[in-house]
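Chemist: everything below, folded, please.
(2 chains)
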Number of protein chains: 2
Amino acid sequence: MTLSMYQASVPVFLHTLAALSAVLDKAAAHAAERKIEPSVLLNTRLFPDMFPLVRQVQLTADFAKGTSARLAGVEVPKYADTEATLDELKARIAKTVDFVKSLKPAQIDGSEEREITIPIGGQSLAFKGQPYLLHFALPNFFFHATTAYDILRHCGVGVGKRDFIGPMAA
Amino acid sequence: MTLSMYQASVPVFLHTLAALSAVLDKAAAHAAERKIEPSVLLNTRLFPDMFPLVRQVQLTADFAKGTSARLAGVEVPKYADTEATLDELKARIAKTVDFVKSLKPAQIDGSEEREITIPIGGQSLAFKGQPYLLHFALPNFFFHATTAYDILRHCGVGVGKRDFIGPMAA
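Modeler: Residues are numbered from 1 along each chain as shown, chains lettered A, B, ... in the order given. Presented below is the predicted three-dimensional model:
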């Protein structure tokens, strides 16, 4: 097995998206037990000018979707940011997982030098596929996944780092 | 350029360690300006049973050091966890960067199937090199780097996601 662009993207996204979905299950159980209105969790931020939980989860899913699509050279599907419950966030993750799983290794492998252009704050940023994945997409994906987890930890949800890392099959 | 185990590890760690060091500079400036005792920042946690900033930075550095060493098949250097200031945390990062930079691509490339055993909570966990890097080491590295950033954001330090992602050279 030689490391490939597919191996370094799709399975990485799928692993952490599954873990994040399970973390949201624990958040829902916590909210039910403490009689916390779930929308409170969705709108919690670590600081007033940071994104709240709902946006952190949407962005985690979007980095998985956008990165996989761009590396494969296919159009990035657009999903409306309308989630208002934990169940809807889980559905957003599930829909993202379905899309990411639909991409085949042959579409993504060999994309090291593919020209990738992404819109950021009204500008365009151009990358080659490999630095785009390693130095932009993966850090952003884990940034938002971790911040979603950190918000829930800060709210007292009983999760640990093992929930974030997910099953550690060798 | 074909993706390799070296490319997917050492430069990824170096990129984010440099960004984290610059985030600590901004934290030091913030503490000086607001007359915040820097040890307050080092000991801030997002929840009482989470690790404080000092430990998050140590663990970020240790995942870079340990992963690079294990993939290269060399002994993992041991650094004492004695940092008590932001400058000392920056020195810990710098020492880690020096070690990680000392490893050559030829030592790490081809480590996809290398047997890696790590101690976790008194037990041993065995991996092949590729899943170790992609599904355990990188998620842990970014988990602690992001949580360090999130703690500083929560403390009001004026940093943004661009500080975390670092320079986005294509």
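Chemist: most centrally placed residue in chain A?
Modeler: Chain A has A:Thr60 as the residue nearest its centroid, 2.3 Å off, counting by Cα atoms, centre = their mean.
Chemist: that one against A:Ile151, yeah?
Modeler: No. Applying Cβ atoms under 8 Å as the test, A:Thr60 and A:Ile151 come out as separate, 11.8 Å apart. Just so you know, the C-beta spots here come from the backbone N, C-alpha and C atoms, and that holds for glycine as well.
Chemist: neighbours of A:Leu125, how many?
Modeler: 14 (other Cβ atoms under 10 Å in any protein chain shown).
Chemist: what does the helix or strand where it lies contact?
Modeler: If you go by DSSP states H and E, A:Leu125 is part of strand A:123-128. Under the criterion Cβ atoms under 8 Å, 6 or more residues apart in numbering or on different chains, residues A:Glu112, A:Glu113, A:Arg114, A:Glu115, A:Ile116, A:Thr117, A:Ile118, A:Pro119, A:Phe136, B:Met168, B:Ala170 lie in contact with strand A:123-128.
Chemist: pretty sure A:Val76 sits in a helix.
Modeler: No. Assessed with DSSP: H, G, I helix; E, B strand; the rest coil, A:Val76 is coil; it does not lie in a helix.
Chemist: which secondary structure element is home to the nearest residue to it once chain neighbours are set aside?
Modeler: Spatial nearest neighbour of A:Val76, excluding adjacent residues (Cβ to Cβ, 6 or more residues apart in numbering or on different chains): A:Ala69 at 4.3 Å. In the assignment (DSSP H and E), A:Ala69 maps to helix A:53-72.
Chemist: A:Asn127: how many residues sit nearby?
Modeler: No, residue A:127 isn't Asn; it's Phe. Neighbours of A:Phe127 (other Cβ under 10 Å): 20.
Chemist: export the contacts of strand A:123-128 to CSV and tack on distance to A:Thr16?
Modeler: Shown next, in CSV, are the contacts of strand A:123-128 (distance: Cβ to Cβ, whole Å):
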residue, distance to A:Thr16
A:Glu112, 22
A:Glu113, 26
A:Arg114, 23
A:Glu115, 27
A:Ile116, 21
A:Thr117, 25
A:Ile118, 20
A:Pro119, 24
A:Phe136, 16
B:Met168, 22
B:Ala170, 25
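Chemist: now do the strands in chain A.
Modeler: Residue ranges of the strands in chain A, as given by DSSP state E, are A:115-120, A:123-128.
Chemist: strand partners of the first one, parallel vs antiparallel please.
Modeler: Here strand A:115-120 is paired, per DSSP bridges, with strand A:123-128 (antiparallel).
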